[in-house]
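Peer 1: prediction below, plus the sequence it came from.
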Amino acid sequence: MKCIFIVNPLAGEGKTQKVIKEKIEAIPHRDECEIYLTKAPNDATEFVRTYCTAHKDEQVRFIACGGDGTINEVFNGAAGFENASVSCYPCGSGNDFVKAFGGAETFTDIDKLVTAEAKKLDLLKIGDRYSVNVTNFGFDTTVAITVNDDRAKNGHGSKSSYTKGVVKALLNAMKTTCTVIADGEVMNPDGNMLLCTVANGQYVGGSFKCAPRAVTDDGLMEVCLVKPISRLRFVKLLTPYTNGEHLDRADMKDIVVYKRAKKVEVIATKGFAYSLDGEIIYGPHFTIEIAEGALNFAVPEYSAEPAYINA
């Protein structure tokens with residue numbers, strides 16, 4: 001089976017290509033492997049999709065080498081192609097998606113990435129795009145905009161970018177107006193919220209366990225809406241939200257609205273922003289649907305609590 005490593009040349013402070021090349025040369029399947037360097041935003045998606053279309057009779061595995069943005073692009077390109085499977089070598093600033101599978105260390109052995117068994121992975125579908133990890137809006141989107149601005153200036157995001165984003169959001173984004181409808185149920189009848197996450201993975205923002213019950217092949221997405229609260233209460237509840245305790249805490253029951261769903265509709269106003277795996281998209285009305293088993297995902301064995309039903 002051919003294995004193509006899709007490398008973001010900016011990932012790992014520009015050292016990823018050299019590291020990947022050295023690791024490939026040390027494995028038994030090195031002759032089946034090659035490296036493709038991305039040239040621009042969305043280039044990975046176009047390359048993978050074009051390759052899959054032109055080689056429909058060939059089994060191929062694409063390994064995304066970068067952060068969550070590179071993973072999103074590669075997985076978007078391979079979605080729907082039965083001849084393709086994907087995996088990842090995480091070396092970005094956040095690496096949120098892989099935390100559902102034991103963390104980045106699960107994906108560091110190149111030989112295991114090439115040989116691991118592929119299983120079906122659900123995705124979130126928004127229009128003609130897929131979200132691999134989390135689509136969110138409100139407070140979190142303000143944070144993501146700040147991180148993206150830093151990435152544009154410096155070539156990469158960082159933990160300090162997230163911290164700066166949280167401070168800005170505390171000043172300017174404590175209430176967002178929109179209506180969230182999950183499987184026909186309005187989650188916020190008053191039309192206001194602090195934030196909402198629609199998740200396939202478990203983590204967002206580098207360390208926040210926003211969807212602790214998420215399972216990546218159960219045919220459902222996790223929808224968690226937090227009602228508007230004061231800045232003081234936000235600070236007090238930040239730790240349990242970070243640790244993924246917010247769905248079980250008695251002192252958060254009055255502000256957290258949670259539901260598993262197959263379809264989420266969001267109705268807002270012109271200029272409304274939401275974050276699709278960290279990418280900022282603007283639109284006043286959009287729908288998120290679960291795409292069951294849309295992707296063949298190869299994940300090496302790991303010891304953490306499984307994010308697969310059939311792990």
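Peer 2: Right, received. Where do you want to start?

Peer 1: who touches the lengthiest helix in the chain?
Peer 2: With secondary structure taken from DSSP state H, the chain has its longest helix at helix 139-154. Contacts to helix 139-154, defined as Cβ atoms under 8 Å, 6 or more residues apart in numbering, come from residues 136, 157-158, 161-162, 164-166, 168-169, 172-174, 176, 194-195, 197, 204-205, 226, 273-275, 278-280. All C-beta spots, glycine's among them, are computed from the backbone N, C-alpha and C.

Peer 1: just the buried members of these?
Peer 2: 136, 157, 161-162, 164-166, 169, 173-174, 176, 194-195, 197, 204-205, 226, 273-275, 278-279 (16 or more other Cβ atoms under 10 Å).

Peer 1: so of those, which ones are in helices?
Peer 2: Using DSSP H, these in helices are 161, 162, 164, 165, 166, 169.

Peer 1: what about residue 6, neighbour count?
Peer 2: Per other Cβ atoms under 10 Å, the neighbour tally for residue 6 reads 27.

Peer 1: where does pLDDT dip in the stretch 1-150 of the chain?
Peer 2: Within the stretch 1-150 of the chain, the ranges that satisfy pLDDT under 70 run 93.

Peer 1: tell me where it has helices.
Peer 2: Remark: helices assigned in the stretch 1-150 of the chain by DSSP state H, counting those that start in this stretch are 16-24, 43-54, 68-78, 110-115, 139-154.

Peer 1: which of those helices has the highest mean neighbour count?
Peer 2: Per residue and on average, the most neighbours among these fall to helix 68-78, with a mean of 27 (mean count of other Cβ atoms under 10 Å).

Peer 1: which outside residues touch that one?
Peer 2: In contact with helix 68-78 (Cβ under 8 Å, 6+ apart) are residues 6, 8, 11, 38, 41-49, 52, 62-64, 84-86, 88, 90, 92, 94-97, 123, 129-133, 276-279, 295-296.

Peer 1: filter those residues down to the buried ones, PyMOL style.
Peer 2: Per 16+ other Cβ under 10 Å, the buried members of the contacts of helix 68-78 correspond to this PyMOL selection:
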select buried, resi 6+8+11+38+43+44+45+47+48+49+52+62+63+64+84+85+86+88+90+92+94+95+96+97+123+129+130+131+132+133+276+277+278+279+295+296
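
Peer 1: rewinding a little: the ones in helices among the buried ones among the contacts of helix 139-154: which two are farthest apart?
Peer 2: 161 and 169 (12.5 Å; Cβ to Cβ).

Peer 1: check the gap between the most centrally placed residue in the chain and residue 216 for me.
Peer 2: Centroid-nearest residue in the chain, with Cα atoms, centre = their mean: residue 133, separated by 2.6 Å. According to Cβ to Cβ, to the nearest Å, residue 133 and residue 216 sit 9 Å apart.

Peer 1: shared neighbours of those two, anything?
Peer 2: By Cβ under 8 Å, 6+ apart, residue 133 and residue 216 have these common neighbours: 200, 201.

Peer 1: and the residue nearest to residue 207 when sequence neighbours are not counted, what does it touch?
Peer 2: Nearest residue to residue 207, sequence neighbours excluded (Cβ to Cβ, 6 or more residues apart in numbering): residue 242, at 6.0 Å. Shown in contact with residue 242 (Cβ under 8 Å, 6+ apart): 207, 208, 209.

Peer 1: so in the protein, which strand runs the longest?
Peer 2: Longest among the strand segments of the chain by residue count, using DSSP state E, is strand 285-298.

Peer 1: now that strand: buried residues?
Peer 2: Buried residues in strand 285-298 (16+ other Cβ under 10 Å): 286, 288, 289, 290, 291, 294, 295, 296, 297, 298.

Peer 1: now stretch 92-108
Peer 2: Buried residues in stretch 92-108, counted by 16+ other Cβ under 10 Å: 92-102, 106-107.
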